[in-house]
Each structure stands twice: as C-alpha cells, then as structure tokens.
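# I need the structure of the sequence given here:
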Amino acid sequence: MTLAHAAAILKLKRKSAQGVDRLTQHKKSGHMTKDLEEKLAELCKEKGMRLTGPRRTILRVLSASPDHPDAEELHRRVMAVEPGINIATVYRTMNTLAEHGLIERHSFADGRARYEAGGSEHHDHFVNVETDEVVEFRCDEIEILQQKIAREHGFEIVGHRLEIYVRPLSGKAGI
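I've put the predicted structure just below:
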C-alpha cells in the first residue's frame with residue numbers, strides 16, 4: 001500500500017469519526033428468523049449435509065448471538081437450550097459449517113476462532129483491543145477505495161475481510 005493510499009484510508013477514518021460518511025453499524029436482531037433458518041436448511045441440502053437437530057440448535061444459538069462467540073462460549077449457550085449437545089459436537093459442527101461456507105470463522109487479535117452466522121450482508125469489523133468487543137460496520141467509501149486500489153494494481157477483488165483494531169478515544173466510553 002502506498003503512502004497516498006494509507007493517507008486516503010486515514011482521511012476516510014477521520015470522516016467516519018466525524019459522522020460525515022455513511023458508516024452504518026449493523027447489529028444482529030437477536031433471533032434467528034424463519035427465512036434464515038430456511039436458507040440454512042436449503043444451503044445444507046445443496047452441500048449434501050443434513051441439518052440435524054444439534055446443527056439446527058447450534059445455528060439458532062449462533063444466529064441469536066449479538067457477538068462473535070468462540071466454541072466454548074457457544075457450547076455454554078447451546079447447553080442452556082439443549083443440554084445433551086457436547087463440546088465435541090459444537091467443534092465438529094462449527095468446522096463443518098465453516099468449511100461449507102454456512103458460517104464465518106474469524107480469528108481476531110486474541111487468536112481464538114470466533115464465529116458468526118453466514119448469509120448476512122458484507123460488513124467489516126472494529127475490534128476493541130481493550131475489551132475484545134467486535135463491532136460490525138459497513139462503509140461504502142471504503143469498499144469503493146478498495147476496488148480502486150485493486151484495479152490500480154491490476155487485480156479484481158474476489159473477497160476480503162477488514163478488521164480494524166481500535167481503542168476508545170480518550171475520555172470516551174467504549175465502542
């Protein structure tokens with residue numbers, strides 16, 4: 001990345017902080033919709049996977065998560081819903097679903113694999129380095145800039161993840 005590109009990104013970041021651009025923070029609804037459940041069932045079928053009871057429960061719990069839980073935290077939440085599901089089933093299910101693209105696996109600064117339900121609109125992440133809180137956002141200006149930079153270097157973007165590690169401004173509460 002050139003210095004000019006880095007400066008353009010910093011300028012966008014400042015604009016975001018000032019509320020000038022269209023930065024939109026996406027929050028999960030807190031429950032799995034029937035549409036999402038049907039979509040996941042259809043995707044499982046397309047991939048040749050059965051949507052078993054435990055997989056369905058794990059997906060429901062993950063979809064209801066307002067955060068990006070790791071397997072242990074997800075297992076704790078699943079146990080509250082269906083106590084018979086063991087930790088090995090959660091790990092196996094998460095790996096299988098991630099391999100088939102039905103969920104997203106993230107590894108933020110803490111190094112733990114964390115998960116979120118797939119199928120949502122593309123978004124990026126702020127990761128608070130002080131609290132490990134992850135905030136989802138979308139900024140069309142950043143998306144356009146990435147496309148421009150890729151073209152300048154002779155590339156076409158086929159996918160990406162953007163994780164911006166942040167800390168609260170002095171005197172401000174967390175993100």
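# roughly how far does the most centrally placed residue in the chain sit from Leu169?
Centroid-nearest residue in the chain, with CA atoms, centre = their mean: Glu116, separated by 5.3 Å. In this structure, Glu116 and Leu169 are 26 Å apart, going by CB to CB, to the nearest Å. To be clear about C-beta, it is placed using only N, CA and C from the backbone, and glycine gets the same treatment.
# before we move on, the earlier item: got a list of what the residue nearest to the centre of the chain touches?
62, 65, 68, 103-104, 106 (CB atoms under 8 Å, 6 or more residues apart in numbering).
# may I see the buried residues of the host helix or strand of it?
Secondary structure assignment for Glu116, by DSSP states H and E: strand 113-117. Within strand 113-117, the residues that count as buried by 16 or more other CB atoms under 10 Å are 114-117.
# would you turn those into TSV with distance to Val134 and pLDDT?
Below are the buried residues of strand 113-117 laid out as TSV (distance: CB to CB, whole Å; pLDDT from 0 to 100):
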residue	distance to Val134	pLDDT
Arg114	8	76
Tyr115	11	75
Glu116	9	78
Ala117	14	71
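# contact partners for the residue nearest to Arg50 when sequence neighbours are not counted?
Closest residue to Arg50 apart from its sequence neighbours, by CB to CB, 6 or more residues apart in numbering: Cys44 at 6.8 Å. Contacts here follow CB under 8 Å, 6+ apart; on that basis Cys44 touches 50-51, 55, 100, 102.
# and these, which is closest to Ala88?
Arg55 (13.6 Å; CB to CB).
# on the three-state scheme, the closest one is what?
Following DSSP: H, G, I helix; E, B strand; the rest coil, Arg55 is assigned to helix.
# check which element follows the helix or strand containing Asn95 along the chain.
If you go by DSSP H and E, Asn95 is part of helix 87-99. Downstream of helix 87-99, the first helix or strand assigned by DSSP H and E is strand 103-107.
# stretch 58-77: how far from the chain's middle?
Between the centre of stretch 58-77 and the centre of its chain there are 12 Å (CA atoms, centre = their mean, to the nearest Å).
# what's the answer for stretch 87-94, then?
That offset, for stretch 87-94, works out to 19 Å (CA atoms, centre = their mean).
# try stretch 43-63
Relative to its parent chain, stretch 43-63 has a centroid offset of 18 Å by CA atoms, centre = their mean.
# let's see that stretch as CSV, backbone CA atoms only.
The C-alpha coordinates for stretch 43-63 follow below in CSV (Å, rounded to 0.1, in the frame of the first residue of the first chain):
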residue,chain,number,x,y,z
LEU,A,43,-27.7,-24.5,1.9
CYS,A,44,-27.1,-27.6,3.9
LYS,A,45,-29.1,-29.6,1.4
GLU,A,46,-27.3,-28.1,-1.5
LYS,A,47,-23.9,-29.0,0.1
GLY,A,48,-25.2,-32.5,0.8
MET,A,49,-25.4,-32.0,4.5
ARG,A,50,-28.3,-33.0,6.8
LEU,A,51,-29.5,-30.2,9.0
THR,A,52,-29.6,-32.4,12.1
GLY,A,53,-31.2,-31.3,15.4
PRO,A,54,-27.9,-30.4,17.0
ARG,A,55,-26.8,-28.4,14.0
ARG,A,56,-30.1,-26.6,13.9
THR,A,57,-29.8,-25.7,17.6
ILE,A,58,-26.2,-24.6,17.2
LEU,A,59,-27.1,-22.4,14.2
ARG,A,60,-30.1,-20.9,16.1
VAL,A,61,-27.9,-20.1,19.1
LEU,A,62,-25.2,-18.6,16.9
SER,A,63,-27.7,-16.6,14.9
